[in-house]
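Q: Give me coordinates for this.
(chains A and B)
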Amino acid sequence: MKFSDGVKDGLPIGLGYFAVSFSFGIAGSAKLLSWPLVTLISMTNLTSAGQFAGLQIMTDAAGTFIEMALATFFINLRYSLMAISLSQKVSPDFGTTKRLLLATGITDEIFAVAMSKKSVTPIYFLGLMTLPYIGWSSGTAVGAICGEILPAIVTNALGVALYGMFVAIVVPQMKVHKPTIFAVTIAVALSCAFKFVPALSCVSVGFAIIICALVASLAAAALFPMKPENDEGATK
Amino acid sequence: MNIDLQTYAIYLLVMAGVTLFLRAVPFILLRKKLKSVFWSSFLAYVPYTVLSAMTVPAIFFATDSRITGISALASAVIASLLGGGLVTVAVVSCLTVLGVDGLLLIL
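A: As a prediction, the model looks like this:
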């Protein structure tokens, strides 16, 4: 698995990230941050939901550093689960320094693509995260610079780009692996409960996502364990 | 800009620091192969349950109206079932919102 294989697999993610981070750039410039400051957030974080929440807290007069730390922690805690999963998958030459340097590449989409491979080498993973990183950073910059001039109807439409990508990752897996439908149904039902049941709606969004994912994944693992030779239900 | 540069820098440091910590520490420390079928199945389900919980119902509130949000999800699922990749599906859902918004304007 060469660097170029990773770059090739990372291309669609990079293009998608450009579109999604474009909307983050627009959101940042709407909060009156100058474009280099908005772009720096994307370059140092490489997260979607976490950054949007962070931007909100940062520019909110009532936001505190503690709130920033807690919100970031809960919204991004899923990356720890992904890091553990990925750790099972990477090749033996993935040393401590490489893990530290490449850990930033553990995002929802890069992780999902890496997990569909038999084994992941450091150079492949570096290739895989290269275009998404460039796409995410440059999309933010372009969005922040020219976001102001786009009509509201266009920025409104760009708001669903991120979710479109999520759907494109989940649905194909549901097609090839039926128990994933069960897991996704539970996750969605719980997530809706956190949003619409008054007693539960006080739970923060980040924390709610973690509970949904934990409960749904535990239930699916207990009822439909995956066979070791097909441990990820992967198609490739 | 409504915050000063120093406040921005501290926020950025907190945000980036917590995020890197969450990714790097488990990645570096948990290296042994999991023997348990239960826990490896659990971890394999995680990306799909996280992403679906993040998408529904949030996508319904990502746009100005519920109608466009619901059509965005429906069109994304259909595009994905038909074999569309990441970019195709994202573009289809954005275009659906544009189209439905346009229709609502006309009606």
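
Q: could you point out which element follows the lengthiest helix in chain B?
A: In chain B, with assignment by DSSP state H, the single longest helix is helix B:5-29. For helix B:5-29, the following helix or strand on the C-terminal side (DSSP states H and E) is helix B:37-55.

Q: What residues of that next one count as buried?
A: Residues B:39-55 are the ones in helix B:37-55 that count as buried (16 or more other CB atoms under 10 Å in any protein chain shown). C-beta: built from backbone N, CA, C; applies to glycine.

Q: Test my guess that A:Ile169 contacts B:Val50.
A: No. A:Ile169 is beyond contact range of B:Val50, at 10.2 Å (criterion: CB atoms under 8 Å).

Q: Please enumerate the shared neighbours of these two.
A: A:Asp108 (CB atoms under 8 Å, 6 or more residues apart in numbering or on different chains).

Q: Go ahead and measure how far the longest helix of chain B is from the middle of the chain.
A: With CA atoms, centre = their mean, to the nearest Å as the basis, helix B:5-29 stands 20 Å off its chain's centre.

Q: Please identify the buried residues of that helix?
A: Buried residues in helix B:5-29, counted by 16+ other CB under 10 Å: B:8, B:11-12, B:14-16, B:18-24, B:26-28.

Q: How about stretch A:3-18?
A: For stretch A:3-18, a neighbour-count test (16+ other CB under 10 Å) marks A:3, A:6-7, A:9-18 as buried.

Q: mind listing which of those are in helices?
A: Within the buried residues of stretch A:3-18, residues falling in helices by DSSP H are A:3, A:6-7, A:9-18.

Q: and which of those residues is nearest B:Gly69?
A: Nearest to B:Gly69 among these, counting by CB to CB, is A:Gly16 at 19.0 Å.

Q: How confident is the prediction for the closest one, by pLDDT?
A: Confidence at A:Gly16, expressed as pLDDT, is 81.

Q: Please report how far the most centrally placed residue in chain A lies from A:Gln88.
A: For chain A, A:Asp108 is the residue whose C-alpha lies nearest the centre (CA atoms, centre = their mean; 3.3 Å). A:Asp108 sits 18 Å away from A:Gln88, going by CB to CB, to the nearest Å.
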